[in-house]
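A.B. asks: sequence plus the predicted model coming up.
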Amino acid sequence: MKKKKEFGKDRLVWMYTQMVRIREFEEAVKRAFIEHPGAIRGHAHLGDGAEASIVGTLSTRRDTDLVMPSYRCHGYPIVLGTPLRKIMAEIFGRKDGLCKGFGGSMHLADPAHHFPGTSGIIGQSIAHATGAALTAQVKKTGQVVFCFFGDGAAKQGVFFESLNMAAVWKLPVVYVLENNQYQAYTHFSLEDANAIAGDPLSKKAEAFSIPGTTVDGTDPLAVYKVAEKAAERARAGKGPSLIESKFYRLSAHGNVITVPPLPTQFPEHEAVAVYGNKAEFAKWKSKDPVVKFRARLTKDRVLIEAGAKRIEDAARAEVKDAVKFALASPLPAPEEALHYVYA
Amino acid sequence: MKKKKEFGKDRLVWMYTQMVRIREFEEAVKRAFIEHPGAIRGHAHLGDGAEASIVGTLSTRRDTDLVMPSYRCHGYPIVLGTPLRKIMAEIFGRKDGLCKGFGGSMHLADPAHHFPGTSGIIGQSIAHATGAALTAQVKKTGQVVFCFFGDGAAKQGVFFESLNMAAVWKLPVVYVLENNQYQAYTHFSLEDANAIAGDPLSKKAEAFSIPGTTVDGTDPLAVYKVAEKAAERARAGKGPSLIESKFYRLSAHGNVITVPPLPTQFPEHEAVAVYGNKAEFAKWKSKDPVVKFRARLTKDRVLIEAGAKRIEDAARAEVKDAVKFALASPLPAPEEALHYVYA
Amino acid sequence: MAREMMYGDAIAAAIIEEMQRDPNVVLYGQNMAMTERDPMLKKFGKDRVRLAPISETAEIGIGIGAAMTGLRPIVELWMSEFLLVAFDQVINEAPKFHYMSGGQVKVPVVLKAGFGFCAGWAGQHSNCIYHTMMGIPGLKVVVPSTPADAKGLMTAAIRDDNPVVYLHPYMLTLDKGEVPEGEYVVPLGVADIKRAGTDVTLVAVGWMVKKAVAAAERLAEEGISAEVVDPRTLAPLDVKTIVESVKKTGRLVLVDQAPRHSSAAAVIAGEVAEHGFEYLRAPVKMVTALDTSVPYSEPMENYILPNENKIIQAVKSVMAHEAVAA
Amino acid sequence: MAREMMYGDAIAAAIIEEMQRDPNVVLYGQNMAMTERDPMLKKFGKDRVRLAPISETAEIGIGIGAAMTGLRPIVELWMSEFLLVAFDQVINEAPKFHYMSGGQVKVPVVLKAGFGFCAGWAGQHSNCIYHTMMGIPGLKVVVPSTPADAKGLMTAAIRDDNPVVYLHPYMLTLDKGEVPEGEYVVPLGVADIKRAGTDVTLVAVGWMVKKAVAAAERLAEEGISAEVVDPRTLAPLDVKTIVESVKKTGRLVLVDQAPRHSSAAAVIAGEVAEHGFEYLRAPVKMVTALDTSVPYSEPMENYILPNENKIIQAVKSVMAHEAVAA
Ligand SMILES: Cc1ncc(C[n+]2csc(CCOP(=O)(O)OP(=O)(O)O)c2C)c(N)n1
Ligand SMILES: Cc1ncc(C[n+]2csc(CCOP(=O)(O)OP(=O)(O)O)c2C)c(N)n1
Ligand SMILES: [Mg+2]
Ligand SMILES: [Mg+2]
């Protein structure tokens, strides 16, 4: 991914392509709960709704910049170039998975593609990303670290500690607070003091006297712009920025939590299932970032209908191949569990 | 302590008296390292310099309001009415100590005097104070909790988590960030992102959309005013406030950390000992809150010289008696250690 | 009177009954009581039942502060690993105030968390962390293995004047069993013999109790009589009942879902090596998880966990040992 | 070549030598490198030596993230209890990445902390928390008891590709001993026999090694020959060396500064009950701190701690046991 400042046609098409690849992938994961029962264990979390935010941010990424999100982590390595086959195989717990079946959906890692790993404990990876930025600074690599985390995570102490340290040490990190409006089943307005006061969550940046911006996370170009500015600041040695990227998670938090042998499955979105608020869900569904961006690109004639369809078909084929690959890959042998305890 | 809105003579004299009692007590503790070697073990921390901030805040306290500071905790129970004898005896590890010799200097507790206890782990008591405010709210006692903690503690995650929860739940708590300008040996400007940007630490309140005020912590009346406002807000059910009370610790962080049998002793202030900055220390020494308040009261003729001296002599006598009492009190019997493991 | 209930429901029943009995009991945690339709919220009101943000250190710290000043909070933490971000509060704050204050302060808080969710939750959500808490003076640690114990121990935990960590194995959530109706208290610190036997003592914790009992049934078919002792509370630990069982059987196999050196099994084995040595006719044997993190993929996850076969094998090995010695 | 050094200085020497050798080693923590006159800052510059705020979770988490991406950070935490506010990072993040990534990621971070400062620091600053970490697969835990080990184990810890918690007993800081000059590595996972003997094995950790050796000297005067084994690293634990010593002596007394159920002693006793049972001629005996928090006042603090007399008494009791059995 070279840095491309102007949004030429290629760039816009690239963006749409990545957004579609994420969406198709996540829909396949969701379908797998029905089509391949038992293939996915534990807890899987999807990034549909986050596509514009992810791709918009990563549009400003340079070749060696690192990406460190939370456990809701499928979308990022897709953009970074990790083969979909390996991601799907990992989610299915297979031997040919990205992490050989050791990590699963919550713990994708692909250091070769600048994706060092993720944590399932809320907020903790914010510190890890900050540490990666320390490496970049000490080794003078010129890298920026893009750190993604949820609105819920912004209530965990480590968020505040990390931002203070990054600001004091002027570390090259861009903090993207993905306000997808829910932490699990809780609407962010029920647990965030800024939100309750009617303020944006980016106001938390004031606690560290760093720039804080709230952006429409359903618009990849808007996200790109603020991310570019934050990345420039980081590269210039001026330290971190906080971006609140506001969008909407389009699927439920994750598959239903059940005890075996009950099957895992994907429930309805919490807006409906918990709050009975169909209107809210419908409103945001109508702002689907993938649909919106497609409409914009076709309207602006960056893409013609056939071109868009070609992208979508290709993504669908790629994802289908990934599922096929994953299903064909064997489960790890039991005793492989003894590997990798110590390096 | 009845609430007294107007600062009549009595009130001002009461304030000065409390400030002097704290100062005399802390100086006796410091002298004990020389006069009674071995009497104080572990780590003792003094509140000299904080007198105006403590007494100014507690001037707005009503009868049953609770006070919950950090491990630097001698000054508060002195104002709350805990007998000095018991505090000194505890610091000396005696049987008649406030906590029977179990807690020592860092862990004074006197629930009968609205002082539930303190923690030696930085920042953790901020959550405890917030919990006490939950009790007040649930039981509708009308109590306010005054929560004191250091500039250093404001870098610990629990500070941020607690303030958010207090704001969301609208708990009756007043947070007093005692910016005495040092956390142990570190000047606050070296570790706080707000400070580095030239902003006051009260700006952290923005992260919770609650009022944040910085006040001259060497002026008890100025402190009283902002504390009164914060307490009113808390009592009105509007939730917490953050006050940055800025003053200067006048002694070193604590006694020198040594391994037995090396004796404990009190070193020079870090401004001089670590940073070689005599000018800074001298500047702040000249703003000694006790000396300043005395000058003001005598100038305003609230106190005449003889009256001031009477207060000081009384405090000195009270402290002397406390030391005598502490020295006369026996050490606990060894096997008493087995008490109080479980309630 | 008793009725059949699921393990998870038994816990809830105890909480509801205690909240009805004592207005000082409050309950809060993440992702609960989000809407006014919430049944607990309806029953007890928004003062006593609350939603908390993802702030475990403040959540637990607030529970401690509230307990110090007159409430009896139950903090719902969901998964035991979430305690770890707040671990100072758990092992270095809550258990210390009573002692450090010379007995003046009490901290009756209950920290409730599920654990050991070995169902594909991988490295960070499937752990057993009781070993980190079972040796902290001032702290009590409860691990019920049946619906009845789940209810009786929750009631006892809420009434206890000390901080209690209440740990329930997620894998048992839907298990059914007879649960006494109305007030039912299982005292903290008293082990339970889940199955009587004479040849070998099996000490098992949580989910493993079920596996130990199942193994014991199979062993019975082969003529080996195994006694299954469930400590139920890891702190205080009822060493006496365990040693007495060993006195009777002369052999000890411990079953634990945690890796060896982070197991309760090792600690109990140590106690028996001191206090039950003269009764032992064979080496103590531990059946624990293997020394790895918990892997995601099912065959690997199964491989590292204790199971009936591993228990049976261990029992046979201690039985065989005696044959040799005799 | 060796020279006499204090324990604390030996640690510092290892850090300096490793920082000179490997530019990827960085060091940071609270209350260090405050001014430009700081010797470490002068030597290694402000990129590699830094002051951190009181933010242990971020400090350790940053160390982990930096280690994942190519640095080898040493995080100075000062007192082991300060790890607790960040405990998820210590036991549920650092040790998990290598495993969860299927071997792709390494986390070579050293978490350095003193512990067990039983000198009037009371309930929250005097604890031994190694039991919470010694059983976590993927994590290494080091507790040196002499200046030489302090140096050699710090060197090994820095060079190790895994997260290592380096715990040094505060009470030993000023102790002197011969320390090899220049490169000196003590491998992790290898116990050391601090004193050879034939009648009884004393296993002791940290500060307690010194007390065990002193007790052994006194026992020698009475004709009892005690072997003192110092595990040095609690994870990986060198069970083999301990069992071999027991094989030789037939008796085991464990000395630990922690309360019974949070001691390494109990875990080691459990291992010996399984792997050394046939060599034991008497019950294992544990000399640990009593089951209380650490009190402030000196007579009470002394009372709860293990000491030479308690060790000697324990040894005599296991020796006497045999007399009875024989
Ligand atoms: C410390 C901790 N507490 C609680 C949880 C349980 N949990 C898992 S996901 C989640 C919600 C996170 O919400 P948010 O940060 O907004 O991220 P999102 O899921 O919306 O991407 C919670 C509470 C956890 N994993 N870690
Ligand atoms: C979590 C934790 N980290 C580190 C320490 C060590 N420590 C003791 S006092 C102190 C400085 C605290 O400074 P501040 O909060 O400003 O309070 P002050 O001493 O100035 O009153 C530190 C770092 C601790 N007790 N707890
Ligand atoms: Mg969210
Ligand atoms: Mg300070």
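C.D. replies: Received, thanks. Ligands and ions are numbered 1, 2, ... in the order given.
A.B. asks: low-confidence ranges in the chain?
C.D. replies: Just going to use chain A. Residues of chain A that meet the criterion pLDDT under 70 lie in A:1-6.
A.B. asks: meant chain C actually
C.D. replies: Residues of chain C meeting the criterion pLDDT under 70: C:322-326.
A.B. asks: report the longest helix in it, please.
C.D. replies: Scanning chain C for the helix with the most residues, using DSSP state H, yields helix C:308-325.
A.B. asks: pull out the buried residues from it.
C.D. replies: Judged by neighbour count using 16 or more other CB atoms under 10 Å in any protein chain shown, the buried positions of helix C:308-325 are C:308, C:310-312, C:314-316, C:318-319, C:321. Bear in mind the C-beta positions are built from the backbone N, C-alpha and C, glycine included.
A.B. asks: for stretch C:195-206, same thing?
C.D. replies: By neighbour count, and taking 16+ other CB under 10 Å as the criterion, the buried residues in stretch C:195-206 are C:195, C:197, C:199-206.
A.B. asks: likewise stretch A:104-124?
C.D. replies: Neighbour-count burial for stretch A:104-124, with 16+ other CB under 10 Å as criterion, is recorded at A:104-111, A:113-124.
A.B. asks: which residue packs closest to A:Glu318, ignoring adjacent ones?
C.D. replies: Counting by CB to CB, 6 or more residues apart in numbering or on different chains, A:Leu84 is the residue found nearest to A:Glu318 once chain neighbours are left out, at 5.6 Å.
A.B. asks: ok, that neighbour to A:Trp14 distance?
C.D. replies: Here the distance between A:Leu84 and A:Trp14 works out to 16 Å (CB to CB, to the nearest Å).
A.B. asks: was I right about C:Ala150 contacting C:Ala12?
C.D. replies: No - between C:Ala150 and C:Ala12 there is no contact, the gap being 9.5 Å when judged by CB atoms under 8 Å.
A.B. asks: of the two, which one has the most company?
C.D. replies: Here C:Ala150 and C:Ala12 are set side by side on neighbour count (other CB atoms under 10 Å in any protein chain shown), and the busier one is C:Ala150, at 32 against 16.
A.B. asks: residue 248: what's its closest spatial neighbour, skipping adjacent residues?
C.D. replies: Since you didn't name a chain, this refers to chain A. Leaving out its chain neighbours, A:Tyr248 is closest to A:Trp284 (CB to CB, 6+ apart), at 3.8 Å.
A.B. asks: switch to chain C, please.
C.D. replies: Of all residues beyond its chain neighbours, the one nearest C:Lys248 is C:Thr198 (6.4 Å), with distances taken as CB to CB, 6+ apart.
A.B. asks: how about that neighbour, what does it touch?
C.D. replies: Remark: with contacts taken as CB atoms under 8 Å, 6 or more residues apart in numbering or on different chains, C:Thr198 is in contact with C:225, C:227, C:248-249.
A.B. asks: roughly how far does the residue positioned nearest the centre of chain C sit from A:Gly101?
C.D. replies: What sits nearest the mean C-alpha location of chain C, by CA atoms, centre = their mean, is C:Val143, with 1.3 Å. According to CB to CB, C:Val143 and A:Gly101 sit 30 Å apart.
A.B. asks: coming back round to it: tally of neighbours for the residue nearest to A:Tyr248?
C.D. replies: What A:Trp284 shows, counting by other CB under 10 Å, is a neighbour count of 19.
A.B. asks: can you show me the strands along the chain?
C.D. replies: Using chain A here. All strands of chain A, identified by DSSP state E, fall at A:66-68, A:145-150, A:173-179, A:182-183, A:186-187, A:212-216, A:241-246.
A.B. asks: the intended chain is chain C.
C.D. replies: For chain C, the strands defined by DSSP E cover C:2-6, C:25-29, C:49-51, C:72-79, C:110-115, C:140-142, C:164-169, C:176-180, C:192-195, C:200-204, C:226-230, C:233-235, C:252-259, C:285-289.
A.B. asks: contacts only, for the residue of the stretch 101-250 of chain A found nearest ligand 4.
C.D. replies: Closest approach of the stretch 101-250 of chain A to ligand 4 (CB to the ion) occurs at A:Asn164, with a separation of 15.5 Å. When contacts are counted by CB under 8 Å, 6+ apart, A:Asn164 touches A:207-208, B:155, B:191-193, D:53, D:55, D:58.
A.B. asks: looking at the contacts of C:Thr198, which are in helices?
C.D. replies: Checking those against DSSP H, those in helices are C:248-249.
A.B. asks: tell me the residues on chain A that lie near ligand 1, please.
C.D. replies: A:45, A:70, A:72, A:120-122, A:150-153, A:180, A:182-184, A:249, A:253 (CB under 6 Å from any ligand atom).
A.B. asks: and ligand 3, which of these contact it?
C.D. replies: With respect to ligand 3, and counting by CB under 5 Å from the ion, the subset of those in contact is A:150-151, A:180, A:183.
A.B. asks: can I get those residues in a markdown table including neighbour count?
C.D. replies: Putting those into a markdown table (neighbours: other CB atoms under 10 Å in any protein chain shown) gives the following:
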| residue | neighbour count |
| --- | --- |
| A:Gly150 | 26 |
| A:Asp151 | 26 |
| A:Asn180 | 24 |
| A:Gln183 | 24 |
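A.B. asks: for the residues you listed, give me CSV that also has distance to A:Asp199.
C.D. replies: Formatted as CSV, those follow (distance: CB to CB, whole Å):
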residue, distance to A:Asp199
A:Gly150, 18
A:Asp151, 13
A:Asn180, 18
A:Gln183, 18
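A.B. asks: ok, so of those residues, who is nearest B:Pro77?
C.D. replies: Using CB to CB, A:Gln183 comes nearest to B:Pro77 of these, at 40.1 Å.
A.B. asks: and chain C, which of its residues are near ligand 2?
C.D. replies: On the criterion CB under 6 Å from any ligand atom, ligand 2 has no neighbours in chain C.
A.B. asks: separation between the residue of chain C found nearest chain A and A:Gly104?
C.D. replies: Of all residues in chain C, the one sitting closest to chain A is C:Gly120 (2.3 Å; CB to the nearest CB). To A:Gly104, C:Gly120 is 7 Å away according to CB to CB.
A.B. asks: picking up where we left off before, among the residues of chain A next to ligand 1, which ones lie close to chain C?
C.D. replies: When these are filtered against chain C using CB under 8 Å from any CB of the partner chain, the residues retained are A:120-122, A:152-153, A:183-184.
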